[in-house]
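Asker: fold the following for me, if possible:
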Amino acid sequence: MRIQHNITALNANRQLASNNTSVSKNLEKLSSGFRINRAGDDAAGLAISEKMRAQISGLDTAKSNAEDGISLVQTAEGALTEVHSMLNRMVELADQSANGTYSDAVDRDNLQNELNSLRTEVNRISEGTNFNGIALLDGTMSTKAVTAAAVAANATGTTGTVAVSVSADNAGAAMNDKDITFATGAEGVVVDGATGDVAVTLVAGKAYTEDDINTLLSEQGAGMSLTLSGATTGTDMAVAGTLTLANGANEVSTLTEGLTLQIGDTSDSFNQLTVSVGAMDATGLGINAINISTQAGAQDAIEDIKAAINTVSSTRGDLGATQNRLEHTINNLSVTSENMSSAESRIRDVDMAKEMMEFTKNNILSQASQSMLAQANQLPQGVLQLLQ
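Answerer: Presented below is the predicted three-dimensional model:
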């Protein structure tokens, strides 16, 4: 028997410490509800669950973004509902003015006055409709693709015919103060100050004067002018230069890309949705210059207003499709977030019943170890019997 080293007591003490540590961990898990409270509990599980947590957070944020997107789309579509209503009233006014029973100019002037008021309100709605300070209908939220194409052709006579296309989907502010010059020397065609939505179609084989083309441009409400120069027999006609846009290309360039919504948990393009709405003011709708104060003007205005109605209808249709897509996106994000949360829970959360069973076991072992340690500490006292 030895009294300097009580091996039995040391062993009992080690078991007691181990059981007390297990009981402490059991209590920590039971009180927190997590199986993994620190990396030491499960390093691999912690790493995986943290990635899942980040993804779940991203999905929830994307869901909130999509809900904001629906609110934005509904705001724009609600404003366009009123624009639609006013355009329909404009058609009524134009139809009335086009009727030959109006012989008094005052009658048509009154119709024109009401149309002017409606047009002013269309402009106000276009400029004033916003969501969280973001203008929705003034054209700043539209996709503007600028296309420049050059075609060389031979021309004879005082008027040359050549196909040249320079167009912008919407207000092409990036083209302001740019001159596009055709032909060589001082003779040719110059288009300056190109702005707005412009699409002028010239019939092949027909001669046009400056006034003819500028009238077409004016009817479209564009701040654009065309100058024809040269009075001698033309030579080869070609574009003297090319437009160099911000990205250095001279073919097709996107100036702006509308409003981008983040509807996923990554920065991939498929997790982004672009909402684009063109200018819904009188100029953008092509009704800025309509005049129904004459019967002929009213007849022309009818088709222009109906074209504007089609434009608004198309835009509302796009907004409706976007809203439906966002609603499906929200549903998908909710399901994905739910499944990811379930997976993260299986890794990170504690099974309370199982952990309570472990706690009960370790608590009993701890009490038993404490009792056995007390018994082991009594063993050296047997030496006293030998000394009597």
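
Asker: check which element follows the longest helix seen in the chain along the chain.
Answerer: Counting by DSSP state H, the longest helix found in the chain is helix 43-98. Next helix or strand after helix 43-98 toward the C-terminus (DSSP states H and E): helix 105-128.

Asker: tell me which residues in that following helix are buried?
Answerer: Of all the residues in helix 105-128, those buried under the rule 16 or more other CB atoms under 10 Å are 108, 111, 112, 115, 118, 119, 122, 123, 125, 126. Just so you know, the C-beta spots here come from the backbone N, C-alpha and C atoms, and that holds for glycine as well.

Asker: now, which of the residues you listed sits nearest residue 291?
Answerer: Nearest to residue 291 among the buried residues of helix 105-128 is residue 112, at 6.7 Å by CB to CB.

Asker: which of the three states applies to the residue lying closest to the closest one once chain neighbours are set aside?
Answerer: In space, and not counting its chain neighbours, residue 112 is closest to residue 293: 4.4 Å by CB to CB, 6 or more residues apart in numbering. Secondary structure, DSSP: H, G, I helix; E, B strand; the rest coil: residue 293 is coil.

Asker: low-confidence stretches in the protein?
Answerer: For the chain, the stretches with pLDDT under 70 are 1, 143-257, 388.

Asker: show me where it has its strands.
Answerer: Taking DSSP state E, the strands of the chain run over residues 130-131, 134-135, 143-149, 165-168, 179-181, 188-192, 225-229, 252-257, 259-262, 272-275.

Asker: so what's residue 301 closest to, chain neighbours aside?
Answerer: residue 290 (4.0 Å).

Asker: contact partners for that neighbour?
Answerer: Residue 290 sits next to 94, 115, 297, 300, 301, 304, 305 when contact means CB atoms under 8 Å, 6 or more residues apart in numbering.

Asker: let's see which of these end up in helices.
Answerer: Going by DSSP H, the helices hold 94, 115, 297, 300, 301, 304, 305 from these.

Asker: the fifth one and residue 94 touch, don't they?
Answerer: Yes. Proximity of residue 301 to residue 94 meets the contact threshold set by CB atoms under 8 Å, at 4.5 Å.

Asker: run through who's touching stretch 73-82.
Answerer: 125, 129-131, 136-137, 275, 277, 280, 312, 315-316, 319-320, 322-323, 326.

Asker: re the thing from before, so how far is residue 303 from the residue nearest to residue 301?
Answerer: Counting by CB to CB, to the nearest Å, the gap from residue 290 to residue 303 is 10 Å.

Asker: got it, and residue 354?
Answerer: Here the criterion is CB to CB. By it, residue 354 lies 77 Å from residue 303.

Asker: same question for residue 106.
Answerer: 25 Å.

Asker: before we move on, what about residue 142?
Answerer: 24 Å.

Asker: ok, these two, which is more surrounded?
Answerer: residue 142 (25 against 12; other CB atoms under 10 Å).

Asker: quick one: the helices in the stretch 251-388 of the chain?
Answerer: 282-285, 295-348, 352-378, 383-387 (DSSP state H, counting those that start in this stretch).

Asker: identify whichever of those lies nearest to residue 9.
Answerer: Comparing the helices of the stretch 251-388 of the chain by CB to CB, helix 352-378 comes nearest, at 3.8 Å.

Asker: helices and strands around that closest one, which ones?
Answerer: helix 7-32 (3 or more CB pairs under 8 Å, 6 or more residues apart in numbering; DSSP states H and E).

Asker: what do residue 301 and residue 94 both touch?
Answerer: Taking CB under 8 Å, 6+ apart as the contact rule, residue 301 and residue 94 both touch 290, 292.

Asker: got the buried residues for stretch 50-58?
Answerer: Across stretch 50-58, burial judged by 16+ other CB under 10 Å covers 52, 55, 56, 58.

Asker: make a markdown table from these and add distance to residue 339 to it.
Answerer: As requested, the buried residues of stretch 50-58 are arranged in a markdown table below (distance: CB to CB, whole Å):
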| residue | distance to residue 339 |
| --- | --- |
| 52 | 10 |
| 55 | 11 |
| 56 | 10 |
| 58 | 14 |
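
Asker: ok, now which ones touch the closest residue to residue 266 other than its chain neighbours?
Answerer: Spatial nearest neighbour of residue 266, excluding adjacent residues (CB to CB, 6+ apart): residue 58 at 7.3 Å. Contact analysis of residue 58 by CB under 8 Å, 6+ apart lists 264, 265, 266.

Asker: thank you kindly, that will do.
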